[in-house]
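Asks: sequence isn't available, so here's the structure alone:
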């Protein structure tokens, strides 16, 4: 069960955090981008190679500290197929470095289309006698607005290929309540999604008690996070919103159960962009990221002990 | 305004339908796949090139009849970056053939991530002094579960680049009601999404009265479709679910206003897989698709007159 794998990695590193890989051009140190633009010209390929060099450098600096990385698909898609080629390489590099890889793609569809997304990221694709994993992630974020038809295909591949996923439940953004906080009968909409994950996962718990159906729950609504943790006992949480978005370690502690299990907290800008605050123009981006990741780990350890 | 462009194309062809491009391996005639596997081996590249040849052949056969195509991103993503390279070429070929191109990607995120998706599909990406449109679509499907934070970036690019999008409102699948039909106060959840689109679009109507914020509304719930048409006067509808999923022409007529404007009905399998029912093993896939597209047009014309 893939959340067992993630929980094991978290326990090994005593660090329930993930480093987001959002390689926006303005997050990449100038010396890396300039070298790539010089080599490849003013092309999408140049930006994609800069993203690759930057995120590989980050992973080199973080791999003994941080158990998971979360590449954000959008920043690769905006670089065209050249970006997607680099996304594949990035995922493979992350696996080599022993990271648990969560692709943040927020995919969602039904039937054979959902099966295709699932094959792309969580399963495999057969071509004649050959089998491929196009983007070999451990986990994917999905959007469950379409209901259980849009969840089942991902669950099927998760069970077959030892992968897992996180469905959006309560997101960290300011307008998340417009739909997610609507009151339907005696439940908020986001709780309906959460309850659906628990129901579909019944009997599929791994050794730590979590099913392959995880949930995205933002750090920016700590009381919702707290209530969801108690309500969704078998659901692993991916927690965005720490740091730049305003969530604190005191907030994210509610994502964890009594053993300090069941959640991973993501930081993207706080780690990736740490070099922007040291006055060295990005030449020290690896040290800066490493120091930021250690600081985040210590910050969260003040509130959470992973048993 | 991009829905003006779509409505113009529909009026020219007197045909409010789109052909879905879902190039699953088993939808592609054997002679095309076999030739590609022979040339490229048992690789993702071979499947991607087969998808390209097949969909280009379909577009050649349909371009004087059908105003729009809807490539389904999942079937390209499952072929890795090789699939995404072919998706880009497919979109460019569709534009050459004068189709309105709706990428069915159901993307959704917030802030700078939503901006990145929007840049990929509806906007542009700058690299130094150069500007690129990575996947130059006219429209994109999006998922608005994250609220207006997840809609605004797409609206911004739609206005800047004369593109548009369709947010999922009421989908055609069996379990769509699990979340979408929840009753929140005096409104169903999907109506809250619909109302949000109308509100964000206020004042942005084009010459036919529609804003760049379209809605996906399935053909399989005709009474919901009927009510939404009356409620969302300025919202253009993309209607899946005709044909294989069970929606009829009698059902989809409710998607149109009194002038026969404001909606486009998609058929994927009905057109793409028409060759599977003629007994010629796919050698006639172009004629079969063309005949199916004409039959669909006539079927809908029995109920809808586009003024």
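Replies: Perfect, thanks for sending it. Small disclaimer: the values here were computed from a predicted structure and weren't measured.
Asks: now the strands for the stretch 1-150 of chain A?
Replies: Counting by DSSP state E, counting those that start in this stretch, the stretch 1-150 of chain A has strands at residues A:17-21, A:68-71, A:100-107, A:125-127, A:130-132, A:139-142.
Asks: ok, the second one near chain B or not?
Replies: No: judged by Cβ under 8 Å from any Cβ of the partner chain, strand A:68-71 makes no contact with chain B; its nearest approach is 11.5 Å. (C-beta placed from N, C-alpha, C; glycine too.)
Asks: quickly note the distance from residue A:62 to chain B.
Replies: 21 Å (Cβ to the nearest Cβ, to the nearest Å).
Asks: can you tell me the average pLDDT over the helix or strand where residue A:296 lies?
Replies: When elements are assigned from DSSP states H and E, residue A:296 belongs to helix A:285-301. Averaged across helix A:285-301, the pLDDT comes to 98.
Asks: now swap in stretch A:139-153 and tell me
Replies: On average, stretch A:139-153 scores 96.
Asks: show me which residues of stretch A:173-188 are buried.
Replies: By neighbour count on 16 or more other Cβ atoms under 10 Å in any protein chain shown, the buried set for stretch A:173-188 is A:173, A:175, A:176, A:177, A:178, A:179, A:180, A:181, A:182, A:184, A:188.
Asks: got phi/psi on the closest residue in space to the fourth one that isn't next to it in sequence?
Replies: Closest residue to residue A:177 in three dimensions, ignoring its sequence neighbours and counting by Cβ to Cβ, 6 or more residues apart in numbering or on different chains: residue B:147, at 7.0 Å. Its backbone dihedrals place residue B:147 at phi 90, psi -170, with angles given as degrees, to the nearest 10.
Asks: touching, residue B:147 and residue A:172? I think so.
Replies: No: judged on Cβ atoms under 8 Å, residue B:147 makes no contact with residue A:172 at a distance of 11.4 Å.
Asks: that older thread, same list, the strands of the stretch 1-150 of chain A, but as a markdown table with mean neighbour count and distance to residue B:119 please.
Replies: Converted to a markdown table, the strands of the stretch 1-150 of chain A look like this (neighbours: other Cβ atoms under 10 Å in any protein chain shown; distance: least, Cβ to Cβ, whole Å):
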| stretch | mean neighbour count | distance to residue B:119 |
| --- | --- | --- |
| strand A:17-21 | 28 | 18 |
| strand A:68-71 | 26 | 17 |
| strand A:100-107 | 27 | 16 |
| strand A:125-127 | 17 | 28 |
| strand A:130-132 | 14 | 28 |
| strand A:139-142 | 28 | 20 |
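Asks: including distance to residue A:81, could the ones you listed go into JSON lines?
Replies: Listed next are the strands of the stretch 1-150 of chain A as JSON lines, based on distance: least, Cβ to Cβ, whole Å:
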{"stretch": "strand A:17-21", "distance to residue A:81": "19"}
{"stretch": "strand A:68-71", "distance to residue A:81": "16"}
{"stretch": "strand A:100-107", "distance to residue A:81": "16"}
{"stretch": "strand A:125-127", "distance to residue A:81": "17"}
{"stretch": "strand A:130-132", "distance to residue A:81": "16"}
{"stretch": "strand A:139-142", "distance to residue A:81": "20"}
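Asks: closest residue of the stretch 201-307 of chain A to chain B?
Replies: Proximity to chain B, evaluated over the stretch 201-307 of chain A using Cβ to the nearest Cβ, is greatest for residue A:245 at 8.9 Å.
Asks: please name the residues that touch that residue.
Replies: A:172, A:218, A:219, A:220 (Cβ atoms under 8 Å, 6 or more residues apart in numbering or on different chains).
Asks: quick one: buried residues of the longest helix seen in chain A?
Replies: With secondary structure taken from DSSP state H, chain A has its longest helix at helix A:44-62. Neighbour-count burial for helix A:44-62 flags A:44-59, A:61-62 (criterion: 16+ other Cβ under 10 Å).
Asks: check which helices and strands it is in contact with.
Replies: When contacts are defined as 3 or more Cβ pairs under 8 Å, 6 or more residues apart in numbering or on different chains; DSSP states H and E, helix A:44-62 packs onto strand A:17-21, helix A:30-40, strand A:68-71, helix A:73-77, helix A:80-96, helix A:269-272, helix A:285-301, strand B:125-127.
Asks: go through the ones you listed and name the closest to residue A:3.
Replies: strand A:68-71 (11.3 Å; Cβ to Cβ).
Asks: can you give me how far that closest one is from the chain middle?
Replies: Centroid displacement of strand A:68-71 relative to its chain, using Cα atoms, centre = their mean, to the nearest Å, is 5 Å.
Asks: next one: stretch A:46-57
Replies: Relative to its chain's centre, stretch A:46-57 lies at 19 Å (Cα atoms, centre = their mean).
Asks: tell me where the stretch 101-250 of chain A has helices.
Replies: A:111-121, A:152-161, A:177-180, A:189-201, A:222-231, A:249-252 (DSSP state H, counting those that start in this stretch).
Asks: neighbouring contacts of the second one?
Replies: The list of residues contacting helix A:152-161 from outside it, by Cβ under 8 Å, 6+ apart, reads A:2, A:111, A:114-115, A:117-119, A:122-124, A:140, A:142, A:163-165, A:200-201, A:204, A:212-213.
Asks: buried only: go through the residues you listed for me.
Replies: Buried by 16+ other Cβ under 10 Å: A:2, A:111, A:114-115, A:117-119, A:122-124, A:140, A:142, A:163-165, A:200-201, A:212-213, out of these.
Asks: just those residues that are near chain B?
Replies: A:111, A:114, A:117, A:119.
Asks: could you measure from the nearest residue to the second one once chain neighbours are set aside over to residue A:228?
Replies: In other words, residue A:114. Leaving aside its sequence neighbours, residue A:114 sits nearest to residue A:153 (Cβ to Cβ, 6+ apart; 4.0 Å). According to Cβ to Cβ, to the nearest Å, residue A:153 and residue A:228 sit 24 Å apart.
Asks: repeat that for residue A:248.
Replies: Separation of residue A:248 from residue A:228 (Cβ to Cβ) stands at 18 Å.
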